[in-house]
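In: no sequence on this one, just coordinates:
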DNA sequence: TACAGAGTTAGAGCGCGCTCTAAGTCAAGG
DNA sequence: CCTTGACTTAGAGCGCGCTCTAACTCTGTA
């Protein structure tokens, strides 16, 4: 076996464009990939798998720089296992709080949609529950501001 | 009463900067706000409330253009009630699918974190469950691609 | 009245993450 | 061998959402 993929094949497999794949390489998300005699890139299963995971991180919203950090650690091998775990664990917390922020904001959206379903419009006068909505919005805003993620808290190798 | 807010006060209330507030006005998210004799902006409670809601939309990730669309409809008054409801309802669906995408990706993250907790590293050889992870990643990728939101489906004024 | 500090404008700049271009090289079927 | 299409590079461009600058004006307290 030892199958190899061209850049187009790899891109299709991963769900990005060849452009982006080269960009990721230049940006340091991957170590320069091997080439055939003519200088064309050839991707191994291992690289595809790694990229599949990196694109999951990206699609969760992890910034390129942080993905790069993770990739560099992974390249450095075993010594960085714990640090990588910590990095992913911290990011997990971020994702969780983003999810709950979305869910909190969704409540406001649902409240408004509810009003619209009843045919309400601002020109009827104030939103009947404007005070509640105002409170809700201000609350959300403040909760966002107060999210000071206490870092490195609970990830430990057991 | 009829309290008015300066741009700085309004910005503090809403949780953005005066710069951004002016930018929103220029971008058409608000109709040009009233001025005092010297030409300084003065915000009313009504405008603050409206902005509080718009910033909720923004922090859910709604693009400026779409927020603008909503704001324009709101300005046009009662006739657009249903359309505004529809707009918010469609966006609600988007937010929901983003949340579930995040949750699906979180599973992959948790899986990896689990491996790291056990002290695993890529240099030990392949991820012990690489086939599963690969499958999982590919699956996520495909689910993302196949989200073709059937628009305008279920919002109806009852 | 003076003066610090807050406000005004048009427009430039920036960080992010791609995305595309141009000009050239390689691969492979007929 | 020729041709077509995929690949290569360095670097420019872009869309988004702010964010800042410069040069100026207004406000309000001492």
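Out: Received the coordinates, thanks. All values derive from a computational prediction rather than experimental measurement. Numbering: from 1, shown residues only, chains lettered A, B, ... in the order given.

In: from here on, just use CA atoms for contacts and neighbour counts.
Out: Noted.

In: wait, does the host helix or strand of residue A:58 contact DNA strand D?
Out: Following DSSP states H and E, one finds residue A:58 within helix A:45-59. No: between helix A:45-59 and DNA strand D, judged by CA under 7 Å from any atom of the strand, nothing touches; the nearest distance is 14.1 Å.

In: list the buried ones in that helix?
Out: A:47, A:48, A:49, A:50, A:51, A:52, A:53, A:54, A:55, A:56, A:57, A:59 (16 or more other CA atoms under 10 Å in any protein chain shown).

In: the second one is in contact with residue A:7, isn't it?
Out: No: with contacts defined as CA atoms under 8 Å, residue A:48 does not count as touching residue A:7, sitting 10.4 Å away.

In: before we move on, the earlier item: out of the buried residues of helix A:45-59, who's near chain B?
Out: A:49, A:52, A:53, A:56 (CA under 8 Å from any CA of the partner chain).

In: what's the farthest-apart pair in those residues?
Out: A:49 and A:56 (10.9 Å; CA to CA).

In: in chain A, which spans are helices?
Out: For chain A, the helices defined by DSSP state H cover A:7-14, A:18-26, A:45-59, A:64-76, A:81-117, A:130-145.

In: and the closest residue to residue A:31 other than its chain neighbours, how many neighbours?
Out: Using CA to CA, 6 or more residues apart in numbering or on different chains and skipping residues adjacent in sequence, the residue nearest residue A:31 is residue A:25, 6.6 Å away. When neighbours are counted by other CA atoms under 10 Å in any protein chain shown, residue A:25 registers 13.

In: hang on, residue A:2 packs against residue A:43?
Out: No: Residue A:2 lies out of contact with residue A:43 (CA under 8 Å); the separation is 10.3 Å.

In: which of the two has more neighbours?
Out: A direct count of neighbours by other CA under 10 Å for residue A:2 and residue A:43 places residue A:43 higher, at 19 against 5.

In: distance of residue A:86 from DNA strand D?
Out: Distance, residue A:86 to DNA strand D, by CA to the nearest atom of the strand, to the nearest Å: 28 Å.

In: neighbours of that residue, just the number please.
Out: By the criterion of other CA under 10 Å, residue A:86 has 22 neighbours.

In: pLDDT score for it?
Out: Residue A:86 is assigned 95 on the pLDDT scale.

In: which residues touch the residue nearest to residue A:31?
Out: Residue A:25 is in contact with A:31, A:32, A:33, counting by CA atoms under 8 Å, 6 or more residues apart in numbering or on different chains.
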